[in-house]
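Engineer: Here you go, sequence then predicted model.
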Amino acid sequence: MQRTPAGEVVIVPRNFKLLEELERSEKGLGDMAISFGLVDSGDTFLTDWNGGILGPAGTQHDSRFYELKIRCPEKYPAVPPDVRFVSRINMTCVDSKTGVVNSNKVPAMRNWTRNMGIEQILISLRTEMCSDQNRRLRQPAEGTTF
């Protein structure tokens, strides 16, 4: 949602929003500790994405790279995308059997607005890695997957 200079509310179509997110990611704009892009460059509906998070220093995640799968449903950006870790990780907001992220436990997903995007979710997950509940949790062997 954006406002015009006259104060009118304009709802940006799904594909325009996702193309804007893709362009920002491809140009390397934003937080350099995260990355994301389309699984298939031919995906005209911009549905399936890969994501990556570099673990924050001073935590059990330090220097690890976590791979994620992100799916933007038809109602995106009115609803947040579905996110699942491919890399095995031990966090309070991630299902230990499937790697699916519990949207109620991640601030960016729980407080979702259509002005947010994939980048905000990945940053929020990285911030959760630093939280008191997650920073010292013992992690599975590096390189293991769900």
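Structural biologist: Received it, and whenever you're ready, just let me know what you need.
Engineer: use CA for all of it now, contacts and neighbours both
Structural biologist: Noted.
Engineer: Low-confidence regions, the chain specifically.
Structural biologist: Scanning the chain for pLDDT under 70 picks out 1-4.
Engineer: Tell me the spacing between Val9 and Met91.
Structural biologist: 38 Å (CA to CA, to the nearest Å).
Engineer: who's more crowded, those two?
Structural biologist: In terms of neighbours (other CA atoms under 10 Å), Met91 is the more surrounded of Val9 and Met91; the figures are 21 against 11.
Engineer: Next, the buried residues of stretch 85-100.
Structural biologist: Neighbour-count burial for stretch 85-100, counted by 16 or more other CA atoms under 10 Å, picks out 85-94, 99-100.
Engineer: So which residues make contact with that stretch?
Structural biologist: 66-69, 83-84, 101-103, 105-106, 129, 133-134, 137-140, 142-146 (CA atoms under 8 Å, 6 or more residues apart in numbering).
Engineer: Of those, which belong to helices?
Structural biologist: Under the assignment DSSP state H, the contacts of stretch 85-100 contribute Met129 to helices.
Engineer: Only whichever of the contacts of stretch 85-100 are buried, select them in ChimeraX.
Structural biologist: Filtering the contacts of stretch 85-100 down to the buried ones (16+ other CA under 10 Å) takes a single ChimeraX command:
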select :66,67,68,69,83,84,101,102,103,106,129,134,137
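Engineer: Identify the bridge partners of Arg71.
Structural biologist: Beta-bridge partners recorded for Arg71 (DSSP bridges): Asp48, Asp82.
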